[in-house]
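**Student:** Please find the sequence and the predicted model below.
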Amino acid sequence: MPRLRLAPEGIGLHLWLVPERGAARAVDIDDLDISEELADRIEAWGDAFDAVVDEVEPSATAFPTPEAEVLWRAEGQLIAAALKDELGEDFEIETRF
C-alpha cells in the first residue's frame with residue numbers, strides 16, 4: 001500500500017508519496033481523489049506554514065504565538081484523518097510536522 005505523507009517540507013510542497021525504497025516525491029493535490037473541500041483545507045494549512053517560513057534562516061521559522069502553532073498542528077492531524085477517510089484503504093497516511 002502506498003504511503004502518503006502530510007508534511008511541510010518546502011514552500012508549496014506539503015504532500016509526498018513515500019516509496020518503500022528511495023526518496024519521497026511531491027504529489028500534486030489535484031492528482032489525489034479527494035474532495036475540493038479537503039484540498040482547500042490542505043492548501044490553507046500549507047499556506048499558513050509557508051507564511052512563517054524563514055527561507056534565509058530556516059531554523060528561525062516560527063509561528064507568531066505558541067497557540068497559533070498548536071492550532072496549526074491540530075488542523076494537520078484533522079487533515080490527516082480526513083485524508084484517511086477520503087482515500088480509504090488506498091493509502092497509508094503519515095504526518096511529519
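**Tutor:** Received the coordinates, thanks.
**Student:** If we ignore the residues flanking it in sequence, what's nearest residue 27?
**Tutor:** Excluding the flanking residues, the one nearest residue 27 by Cβ to Cβ, 6 or more residues apart in numbering is residue 15, at 4.4 Å. The C-beta positions use only the backbone N, C-alpha and C, and glycine is treated the same way.
**Student:** where's the one you found relative to residue 79, distance?
**Tutor:** Residue 15 sits 10 Å away from residue 79, going by Cβ to Cβ, to the nearest Å.
**Student:** Residue 34 now?
**Tutor:** In this view, residue 34 and residue 79 are 10 Å apart by Cβ to Cβ.
**Student:** Next: residue 26.
**Tutor:** 16 Å.
**Student:** before we move on, back to that, overlap of the contact sets of residue 15 and residue 79?
**Tutor:** Shared contacts of residue 15 and residue 79, defined by Cβ atoms under 8 Å, 6 or more residues apart in numbering, are found at 6, 42.
**Student:** And the longest helix along the chain, how far out from the chain middle?
**Tutor:** Determined from DSSP state H, the single longest helix within the chain is helix 66-87. Put simply, helix 66-87 sits 9 Å off its chain's centre (Cα atoms, centre = their mean, to the nearest Å).
**Student:** Mind giving me the packing neighbours of it?
**Tutor:** strand 3-10, helix 36-50, strand 92-95 (3 or more Cβ pairs under 8 Å, 6 or more residues apart in numbering; DSSP states H and E).
**Student:** Residue 73 touches residue 96, doesn't it?
**Tutor:** No. When contacts are counted by Cβ atoms under 8 Å, residue 73 is not listed as touching residue 96 (11.4 Å).
**Student:** relative to helix 66-87, how tilted is the lowest-mean-pLDDT helix or strand in the chain?
**Tutor:** None of the helices or strands of the chain scores lower by mean pLDDT, DSSP states H and E than strand 3-10, at a mean of 90. Here strand 3-10 runs at an angle of 150 degrees relative to helix 66-87 (axes from the mean of the first three to the mean of the last three Cα atoms, to 10 degrees).
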